[in-house]
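Peer 1: Predicted structure and sequence below. I'll ask about it afterward.
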Amino acid sequence: MASIKEQFEIPGKLKTWAYALIGIGGVALLYGMFTKGFSNDEHEQVHFWGTLMYNTIFWTLVTNAAMFFLCFSTMAQAAWMQSFRRIAEAISTLVPVFGAITFAVLIYVVVGHKHHIYHWLDAEAVAKDPILKGKVGFLNPTFFIIWTTLAIGLWSYFGYRMRQISREADENPMDLETATKFNIRSMTRSGFFLVWFGLTVASTIPWLWLMSIDAHWYSTMYSWYTFASSFVAGMALIALWVIYVKNKGYLELTNSEHLHDIAKFMFAFSIFWTYLWFSQYMLIWYANIPEETVYFKHRVQGPYKPIFFLNLVVNFLAPLIILMKRSAKRNFTLVAFMAVLILFGHWIDFYQMVMGSLMKEHVTLGWLDFGILGFFVGVLILMVARSLASKPLIAKNHPFLKESIIHQV
Amino acid sequence: MAQKKFVVGCFDDEKVLFPAVKQVRTAGYKIKDVYTPFPVHGLDHALGMRETSLHTAGFIYGITGTTTAISCISWIFTKDWPLNIGGKPHFALPAWIPIIFELTVLFAAVGMVLTFLYLCQLAPGVKKHHFHKRATDDLFVMVLECTDKTNADDLKALLTSNGAVETDIQVAEEDWWFGTYDNDNENLYKQVSH
């Protein structure tokens, strides 16, 4: 493998873009924080903190999805992703960073008693409210803070452990015994992450962080829906980075066969997302119980109607039609375009999930949203690139690497 | 019922088969098919076969299913027999989506299976000529159809020089037929040499 370029060097242009995005986004973020976030107007406060909340939660879950992808692939002893696993690892290094921002924002909201965001923070209202009283064992500040700390801390820790074991494949060629042990240890470590992921992202965390904004409303589909949204966006992010890094002349071992499988994930999980979206919507539509329809009332018939249906077009119809063909899934340009579209679509989805409940009267999408988005994207670009440059791009002694090189769909 | 002349070459190793396929194609012969005991990765590519259109057929069957479901349900519930179900509008699209989905899947699945069987010439009671019985066991059997210009002996020599362990010239029925092997064997094809 003499011709393989193992060391990623950050292109100057990428750095410029990242700093520009962080600069512009940072200004928007700070300006928004001081004019809205710390203003005396409750409405403005909710606008700012809600916007920051959905952005930071979205990017935390999306970067975490990259580690989830690595872990379930390891658990299934999948080999095809070995040729680009360092990309997914680099994306997952953002979990502690975005996790810390999420943690700070959520703690500020809970400790700062922002009951216009989380209605259940208002102890007086809860005492008079039989529904919220029934949920008080789950929706209370103590549990919220402990569970949030544990969730972000353990995602970061188990992810760190997975990245550490992957570094062992850089050193010396393994004999059969070492490779077998390495494989079992990798699977054990991914198991810890997967179990914790199931207990948090696929169940409790979306209930706590997002669904409890509508404190009276509940949907058992909600967590899976959030998970599907973040996972498909996570696969899109991996695809985008793989294509970018390959375009710069690295990742010689990753080709259209690997891209085909990544795009299959994007295609399949777009449909999975729609399945959950529809399951949630149809049951509520059919039963037509006011307690449940309250969530959809202003989304389907109110000011959020365009965004609600745009969501369905961008996240379901577009991937379904465009990514259906085999040749489309093997086309780098088309997959890059679809990856951007899917990332944007699920960002919009998170937007309507949070702001659709906080700002029922009008759609707030504007400079603040795109500014904060720019800030997060800038941080993401800069830190993923740095993480990629800090270690070899290929785990060259990984026992499964050969299987990945000859991967054929 | 057209009987044709075939040259058959048997290989006992994939590693020999692939270069042989390449050599035979380079020499200008068109390979009818290679019968293998198990799916061989990349063989279709080596044979230069075009990609199957089965998925396009599947898409068309699926769309047919969708259309059938939508037109059928909407006609029943809005024109033929409108019912008030829980105060829902007659044109209750969300409630129909599962049925539309199911019918799409049903049409696509059944249609594709039948198309696949037709393309592979498989059906109950239908027979096909077997070029070599061990194609289902341990031999890779390459079959070439002879034209007027083909010199069968040259071709046999080419196959042998490329590692065929057994070569053969057969005059055999190309298509499928209804019947049994026992009764039709003598009538339909005879083995020229072995």
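Peer 2: Everything's here; your move. Keep in mind the model is a prediction, meaning the values are calculated, not measured.
Peer 1: in what helix or strand does B:F6 lie?
Peer 2: For B:F6, the host element (DSSP states H and E) is strand B:3-11.
Peer 1: so what's the most far-flung residue of chain B relative to its centre up against?
Peer 2: Relative to the centre of chain B, and counting by Cα atoms, centre = their mean, the farthest-placed residue is B:G87 at 51.0 Å. By Cβ atoms under 8 Å, 6 or more residues apart in numbering or on different chains, the residues touching B:G87 are A:N288. (Each C-beta comes from the backbone N, C-alpha and C, glycine too.)
Peer 1: Please apply the same query to A:L401.
Peer 2: Each residue near A:L401 by Cβ under 8 Å, 6+ apart is listed here: A:A79, A:Q82, A:S83, A:A169, A:L253, A:I394, A:A395.
Peer 1: on that earlier part again, okay, now the sheet partners of the strand holding B:F6, with direction.
Peer 2: Strand pairing for strand B:3-11, using DSSP bridges, gives strand B:140-145 (antiparallel), strand B:166-173 (antiparallel).
Peer 1: check whether the helix or strand that comes right after it contacts chain A.
Peer 2: Per DSSP H and E, the first helix or strand lying C-terminal to strand B:3-11 is helix B:14-26. No: residues of helix B:14-26 are not located near chain A by Cβ under 8 Å from any Cβ of the partner chain, the shortest gap being 14.3 Å.
Peer 1: by how many degrees do helix B:14-26 and strand B:3-11 diverge?
Peer 2: Helix B:14-26 runs at 140 degrees relative to strand B:3-11, counting by axes from the mean of the first three to the mean of the last three Cα atoms, to 10 degrees.
Peer 1: In terms of secondary structure, what does helix B:14-26 contact?
Peer 2: On a contact count with 3 or more Cβ pairs under 8 Å, 6 or more residues apart in numbering or on different chains; DSSP states H and E, helix B:14-26 meets strand B:3-11, strand B:31-35, helix B:43-46, strand B:140-145, helix B:152-161.
Peer 1: any chance of the strands paired with strand B:3-11 in TSV, plus distance to B:K30?
Peer 2: Below are these laid out as TSV (distance: least, Cβ to Cβ, whole Å):
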stretch	distance to B:K30
strand B:140-145	7
strand B:166-173	17
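Peer 1: So which of those is the most surrounded?
Peer 2: Neighbour counts (mean count of other Cβ atoms under 10 Å in any protein chain shown) averaged over each of the strands paired with strand B:3-11 peak at strand B:140-145, with a mean of 23.
Peer 1: and the strands paired with strand B:3-11 as CSV, adding distance to A:H119 and mean pLDDT?
Peer 2: Below are these laid out as CSV (distance: least, Cβ to Cβ, whole Å; pLDDT from 0 to 100):
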stretch, distance to A:H119, mean pLDDT
strand B:140-145, 70, 94
strand B:166-173, 78, 88
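Peer 1: Poorly predicted segments of the chain, please.
Peer 2: Going with chain A. A:1-2 (pLDDT under 70).
Peer 1: let's do chain B instead
Peer 2: In chain B, residues with pLDDT under 70: B:1, B:181-194.
Peer 1: That one against chain A: which residues are in contact?
Peer 2: Contact residues (Cβ under 8 Å from any Cβ) of chain B with chain A: B:H41, B:G42, B:H55, B:F59, B:G86, B:G87, B:K88, B:P94, B:A95, B:I97, B:P98.
Peer 1: Work out for me the element the residue of chain B at minimum distance from chain A sits within.
Peer 2: For chain B, the residue closest to chain A is B:P94, as judged by Cβ to the nearest Cβ, at 4.8 Å. Using DSSP H and E, B:P94 falls within helix B:93-119.
Peer 1: The nearest residue to A:K114 once chain neighbours are set aside sits in which helix or strand?
Peer 2: In space, A:K114 comes closest to A:W49 once its chain neighbours are excluded; the distance is 6.3 Å by Cβ to Cβ, 6 or more residues apart in numbering or on different chains. A:W49 belongs to helix A:42-75 when assigned by DSSP H and E.
Peer 1: Check the offset of that helix from the chain's centre.
Peer 2: For helix A:42-75, the distance from its own C-alpha centre to the chain's C-alpha centre is 5 Å (Cα atoms, centre = their mean, to the nearest Å).
Peer 1: Tell me which residue is most central in chain A.
Peer 2: By Cα atoms, centre = their mean, the most central residue of chain A is A:V62, 1.4 Å off.
Peer 1: ok so, going back, selecting buried members of the residues of chain B next to chain A in ChimeraX, what would you type?
Peer 2: Restricted to buried positions by 16 or more other Cβ atoms under 10 Å in any protein chain shown, the ChimeraX selection for these reads:
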select /B:95
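Peer 1: What is the most widely separated pair among the residues of chain B next to chain A?
Peer 2: Greatest spatial distance among the residues of chain B next to chain A (Cβ to Cβ): B:G42 and B:G87, at 59.5 Å.
Peer 1: Identify the residue nearest the residue in the stretch 1-150 of chain A that chain B sits nearest to in space, chain neighbours excluded?
Peer 2: Closest contact between the stretch 1-150 of chain A and chain B, by Cβ to the nearest Cβ, is at A:W80 (14.0 Å). In space, and not counting its chain neighbours, A:W80 is closest to A:H407: 4.4 Å by Cβ to Cβ, 6+ apart.
Peer 1: how many neighbours does the one you found have?
Peer 2: A:H407 has 20 neighbours, counted by other Cβ atoms under 10 Å in any protein chain shown.
Peer 1: residue contacts, it?
Peer 2: Counting by Cβ under 8 Å, 6+ apart, A:H407 touches A:A79, A:W80, A:S83, A:E257, A:H258, A:D261.
Peer 1: go with 7 Å
Peer 2: Residues in contact with A:H407 (Cβ atoms under 7 Å, 6 or more residues apart in numbering or on different chains) are A:W80, A:E257, A:H258.
Peer 1: Is any residue of the helix or strand the last one falls within near chain B?
Peer 2: What it means is A:H258. Assigned by DSSP H and E, A:H258 belongs to helix A:256-287. Yes: for helix A:256-287 and chain B, the contact criterion (Cβ under 7 Å from any Cβ of the partner chain) is met by A:F278, A:Y281, A:M282, A:W285, A:Y286.
Peer 1: show me what contacts A:S390?
Peer 2: If a contact means Cβ under 7 Å, 6+ apart, then A:S390 has no contacts.
Peer 1: Distance to A:S223 and neighbour count for the residues of helix A:256-287 next to chain B - can I get that in CSV?
Peer 2: CSV is the format used below for those (distance: Cβ to Cβ, whole Å; neighbours: other Cβ atoms under 10 Å in any protein chain shown):
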residue, distance to A:S223, neighbour count
A:F278, 16, 18
A:Y281, 16, 21
A:M282, 18, 15
A:W285, 20, 18
A:Y286, 21, 14
